[in-house]
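J.: Sharing a sequence plus its predicted fold:
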Amino acid sequence: MKYNPNQIEAKWQKYWAENQTFAASNNSDKPKYYVLDMFPYPSGAGLHVGHPLGYIASDIYARFKRHKGFNVLHPQGYDSFGLPAEQYAIQTGQHPDKTTKENIARYRQQLDNIGFSFDWSREVRTSSPEYYKFTQWIFIELFNSYYCKNSNKAREIIELVRLFETEGNGHVNVVCDENIEIFTAAQWNTFTSEHQQKILLKYRLTYLAETEVNWCSALGTVLANDEIVNGVSERGGHPVTRKKMTQWSMRISAYAERLLQGLNAIDWSESIKESQRNWIGKSVGAMVTFDLKDHDANIEVFTTRPDTIFGVTFMTLAPEHELVSKITTAAQKSAIESYIEKTAQRSERERMADVKTISGVFTGAFAEHPFTKEPIPVWIGDYVLAGYGTGAVMAVPCGDERDYAFANFFREQNGMPEIKNIFANVDISKQAYGSKDQVILLNSDFLNGRSYKEATREVIAALEKINHGKGKTNYRLRDAVFSRQRYWGEPFPVYYVNGLPQMIQAQYLPIILPEVEKYLPTEDGQPPLGNSKEWAWSITENKVVRNDQINNTTVFPLELNTMPGWAGSSWYWMRYMDAHNTNEFASKAALDYWQNVDLYIGGSEHATGHLLYSRFWNKFLKDKGYAPTEEPFKKLINQGMILGMSAFVYRIAGTHTFVSKNLIEGKKTEPIHADVSFVNAADELDIDKFKSWRVDYNNAEFITEQNGKFLVSREIEKMSKSKYNVVTPDDICNDYGADTLRLYEMFLGPLEQAKPWNTAGITGVFGFLKKLWRLYFDDHGLIVIDNLPSKDSLKTLHKTIKKVQEDIESFSFNTSVSQFMICVNELSAQNCHEKVMLEPLAILISPFAPHLAEELWSQLGHSGSIATIDFPVFDAQYLVESSKEYPVSFNGKMRFTMALPLDLSAAQIEAIVMQDERTIKQLEGRTPNKVIIVPGKIINLVG
């Protein structure tokens, strides 16, 4: 009876689906365990072998937990809003919903073929109105909330309104915009409704504001910082510029300290935690106000080194700073405008990363030192970002390397004073002194002789006394832009009355995406929803109506932007807990039972995107009494990347002639990716397939090796369809079976490391499974017997139980596979076919090779699934050695070995050794001077 993986896997996948084997219960006496993968975006290309790596790991752990008696929730769904489907719609006219559903069907087939134990009854799709109804609801909750610093949590905005009505805003301790106008209760109560609404937008946790954004004209939308790579869009590589737009934003900055402190309570890798700490960027220092000369305005600067205030020689504003256009002199106007235009072509990340380029322009304006009243020239420079701090820096060249380089670069120009040295016994002739250690100040007026700590304390007090500053804690974390100018995203539940946003009542949700004739922006530059003829809200009918009914009395325009890609993924783990609830995003009972995710597996590239936004929304929902825990994900594991083995052919530059790898020396060639499916294991290219691949290759010529073969070169790269190095799991499953794929991906190396894919290595794993099968079957059928096992077999089994459980619990799946191979080799050598051995072995391998394990379990006479059978229990007695192979030495030289029981005393061992013929022969009638015996270790006869 041969091992037939295709037949076995189809049988058990059908069984699992029909019997809902992996459906979790929200009411169980078992302890709960929630295992979650970062859900995929369903792209048109489908899965390649790199995608399932994390899914296989999480599935092994989920199956293991079921065997250990847990009620396991292991769901799956789709992050199904996204730019690729919209770009395809723009190109073809096909509705993104149709494309997305087709892609999901392909993904589902591929995922099912690999045998994942997902609870598909809880599937979610972020693009489903039944799902985004609650994304819209959360948005409304955020709009109707503010952040109270006293209680350190979000509260209802109506509470703040009541405070304004009775106390004004002079003493409220809340998170809000900078430079809020102060008003009394009497003034508030006389403000018009519109004025009050505008003020409240400065306090709400989601708000409308004009902000600097990353604009990609090719994609027609705003991009988040994490959607930009090397200054261009991650999707498509299009140019990105900075521009001001009125956008929805999320006040994530209100949660900066909680996001920072929460990292101490979760089991995540230190590298991910550090990424978030750096992104949040906590700094302790002072806010300093510099008045502008000849202008009724001032520049506010946040600095972590207020002690160096007497070393300020110039100031630098971000090119986008609102004061730049107001203070620039006529003489400098042209240079300033040119520089601003040039800066707009660079993303913030590019500007932050570029530490070598020095550029800037003098505005012609001067600020005034708060203590000395000396004039300080004001420059602009792209190393200062409008969104970080105040968008301005006080430059202290003697104490900051970047300021030092800037001052020296422009030292010959008008508007750049000489560098001041304010540090005693420090030479700054060649570089700045950036350390706080052992600082003693000089040339610093009342701070002379002070250390860093002393000076910081005194200068903040002095600034507060003259109303030119105060101590402050600052965060790099900026509020998250929440608008996208595209069609395929969640519609906002917002309509506008006199330009001010109003929320649609929750009972009328979802607001469903309308049909549009085209998915591009409108002719006048409005987002694609502006193409809809039915996108207005009637407050009398409480429904979407035609645009031509807008009268700004009872019918009003709806928001034309849609939500960003991260909206739906910022709460989805809670929807899985109660996926079919139509009244609320999840019931309190379900939330209280599942709490949060015990194990979360996904890519580290989401460190400062999804993983931060999810924590923010979870904390907000906790504040509002919905989420039961402060953090969404207890333990996070970032799986490594499976890399592709790319193939390159070499074309002689300017020709249609290709040269085999070993013949390119001395020729001017250009490397070109070739589809790896055209290349065999010996790196030989199928020339005919390559020529027919593309029209421009049809008539190409090939210079081959002497044997007529054309060799390609190989290089390990990211697996991507653009590099033509993709291997699909479908092919592997068809040729070797899903269990082989699962084991091989785990066998490649540690889960969290990157590793190259090599299809050639998969045959070894397939051979192992066939060898495992032969412990149970020969050519005629089942060969399992009811005899008692040997001691050696029991030792092999329990050694494997111990190792596999330890490995699974530490996520060292690669060494588990190695142990299985050792186990099967040993059992085969022991001719082991005992049922009492092979039943637990089937359970042991079930998390890794579930289809095979199910079939073995069934063939052994069991009904039902193996999925919840108790995991084998390790018994240490079978690993205890009963005898020892002693080395017997004479004068320190080992001459032979002797197997003796471990329970013998030293005297008993000596008696046996002395009577052994080999000892008698070695001694040749002599009596040893000394016999050294350490039971369990050594025997040595001396003299």
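T.: Received the coordinates, thanks.

J.: and the gap between the closest residue to residue 866 other than its chain neighbours and residue 868?
T.: Taking C-beta to C-beta, 6 or more residues apart in numbering as the measure, residue 866 lies nearest to residue 857, with 4.1 Å between them; neighbours along the chain are not counted. Where C-beta positions appear, they are placed from N, C-alpha and C, glycine not excepted. Residue 857 sits 11 Å away from residue 868, going by C-beta to C-beta, to the nearest Å.

J.: between those two, which one's more packed in?
T.: When neighbours are counted by other C-beta atoms under 10 Å, residue 857 and residue 868 differ, and residue 857 comes out ahead with 20 against 17.

J.: mind listing what residue 347 touches?
T.: Residues counted as contacts of residue 347 (C-beta atoms under 8 Å, 6 or more residues apart in numbering) are 214, 225, 228, 231, 240, 242.

J.: Save those residues as a markdown table, and put in secondary structure and distance to residue 753 too.
T.: A markdown table is the format used below for the contacts of residue 347 (DSSP: H, G, I helix; E, B strand; the rest coil; distance: C-beta to C-beta, whole Å):
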| residue | secondary structure | distance to residue 753 |
| --- | --- | --- |
| 214 | strand | 32 |
| 225 | helix | 27 |
| 228 | strand | 27 |
| 231 | coil | 29 |
| 240 | coil | 32 |
| 242 | strand | 37 |
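
J.: Highest neighbour count among these?
T.: Of the contacts of residue 347, residue 240 is surrounded by the most neighbours, 27 neighbours in total, counting by other C-beta under 10 Å.

J.: Please tell me I have it right and that residue contacts residue 230.
T.: No - taking C-beta atoms under 8 Å as the definition, residue 240 is not a contact partner of residue 230, at 10.1 Å.

J.: In stretch 158-170, which residues are buried?
T.: Under the neighbour-count criterion of 16 or more other C-beta atoms under 10 Å, stretch 158-170 has 160, 161, 163, 164, 168, 169 buried.

J.: ok, the residues you listed vs residue 617, which is closest?
T.: Using C-beta to C-beta, residue 160 comes nearest to residue 617 of those, at 20.9 Å.

J.: element containing the closest one, please.
T.: When elements are defined using DSSP states H and E, residue 160 is found to belong to helix 157-167.

J.: contacting residues around the residue lying closest to residue 679 once chain neighbours are set aside?
T.: Distances taken as C-beta to C-beta, 6+ apart put residue 647 closest to residue 679, at 4.6 Å, once the chain neighbours are dropped. Contacts of residue 647 were listed using C-beta under 8 Å, 6+ apart, and they are 673-676, 678-679, 683, 685, 712-714, 724-725.

J.: repeat that for 10 Å
T.: By C-beta atoms under 10 Å, 6 or more residues apart in numbering, the contact set of residue 647 is 672-679, 683, 685, 690, 711-715, 723-725.

J.: List the beta-bridge partners for it.
T.: The partner list for residue 647 in beta bridges (DSSP bridges) reads residue 674, residue 714.

J.: Next one: it from residue 714, what distance?
T.: Distance from residue 647 to residue 714, counting by C-beta to C-beta: 6 Å.

J.: What strand or helix carries the residue nearest to residue 866?
T.: Under DSSP H and E, the secondary-structure element containing residue 857 is helix 850-859.

J.: Pull that helix out as CSV, backbone CA atoms only.
T.: Output in CSV follows, covering the C-alpha atoms of helix 850-859 (Å, rounded to 0.1, in the frame of the first residue of the first chain):
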residue,chain,number,x,y,z
PRO,A,850,-2.0,16.6,9.6
HIS,A,851,-3.3,14.8,6.5
LEU,A,852,-0.9,11.9,6.9
ALA,A,853,-1.6,11.8,10.6
GLU,A,854,-5.4,11.6,10.1
GLU,A,855,-5.0,8.8,7.7
LEU,A,856,-2.7,6.8,10.0
TRP,A,857,-5.1,7.3,12.9
SER,A,858,-8.0,6.1,10.8
GLN,A,859,-6.1,3.1,9.5
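
J.: Which strands and helices lie in contact with that helix?
T.: Secondary structure elements in contact with helix 850-859, counted by 3 or more C-beta pairs under 10 Å, 6 or more residues apart in numbering; DSSP states H and E, are helix 5-19, helix 52-67, helix 738-747, helix 762-776, strand 781-782, helix 835-845.

J.: Between helix 762-776 and that helix, find me the angle.
T.: Using axes from the mean of the first three to the mean of the last three C-alpha atoms, to 10 degrees, the interaxial angle of helix 850-859 with respect to helix 762-776 works out to 10 degrees.

J.: relative orientation of helix 850-859 and helix 5-19 in degrees?
T.: Taking the same axes, to 10 degrees, one finds helix 850-859 and helix 5-19 inclined to each other by 80 degrees.

J.: who touches both of residue 240 and residue 230?
T.: Counting by C-beta under 10 Å, 6+ apart, the common neighbours of residue 240 and residue 230 are 347, 349, 350.

J.: ok, back up a step: now the helices and strands packed on helix 850-859 in CSV, please, with extra columns for mean neighbour count.
T.: As requested, these are arranged in CSV below (neighbours: other C-beta atoms under 10 Å):
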stretch, mean neighbour count
helix 5-19, 16
helix 52-67, 24
helix 738-747, 26
helix 762-776, 18
strand 781-782, 12
helix 835-845, 21
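
J.: Compile those into CSV and extend it with columns for distance to residue 872 and mean pLDDT.
T.: Written out in CSV, the entries for these read as follows (distance: least, C-beta to C-beta, whole Å; pLDDT from 0 to 100):
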stretch, distance to residue 872, mean pLDDT
helix 5-19, 21, 98
helix 52-67, 9, 98
helix 738-747, 19, 98
helix 762-776, 16, 97
strand 781-782, 21, 96
helix 835-845, 4, 98
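
J.: In CSV: those, plus distance to residue 176.
T.: Formatted as CSV, these follow (distance: least, C-beta to C-beta, whole Å):
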stretch, distance to residue 176
helix 5-19, 53
helix 52-67, 40
helix 738-747, 50
helix 762-776, 59
strand 781-782, 74
helix 835-845, 59
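
J.: Of the ones you listed, give the one that comes closest to residue 401.
T.: Nearest to residue 401 among those is helix 52-67 (40.7 Å), distances taken as C-beta to C-beta.

J.: got the CA coordinates for that closest one in PDB?
T.: Extracted in PDB, the C-alpha atoms of helix 52-67 (Å, rounded to 0.1, in the frame of the first residue of the first chain):
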ATOM      1  CA  PRO A  52       2.500  30.200   3.900                       C
ATOM      2  CA  LEU A  53       5.600  30.200   6.100                       C
ATOM      3  CA  GLY A  54       3.900  32.000   9.000                       C
ATOM      4  CA  TYR A  55       0.600  30.300   8.400                       C
ATOM      5  CA  ILE A  56       2.200  26.900   8.700                       C
ATOM      6  CA  ALA A  57       4.000  27.900  11.900                       C
ATOM      7  CA  SER A  58       0.800  29.200  13.500                       C
ATOM      8  CA  ASP A  59      -1.100  26.200  12.300                       C
ATOM      9  CA  ILE A  60       1.400  23.800  14.000                       C
ATOM     10  CA  TYR A  61       1.000  25.700  17.200                       C
ATOM     11  CA  ALA A  62      -2.800  25.900  17.000                       C
ATOM     12  CA  ARG A  63      -3.000  22.100  16.400                       C
ATOM     13  CA  PHE A  64      -0.600  21.500  19.200                       C
ATOM     14  CA  LYS A  65      -2.700  23.500  21.600                       C
ATOM     15  CA  ARG A  66      -5.800  21.500  20.600                       C
ATOM     16  CA  HIS A  67      -3.900  18.300  21.400                       C
END
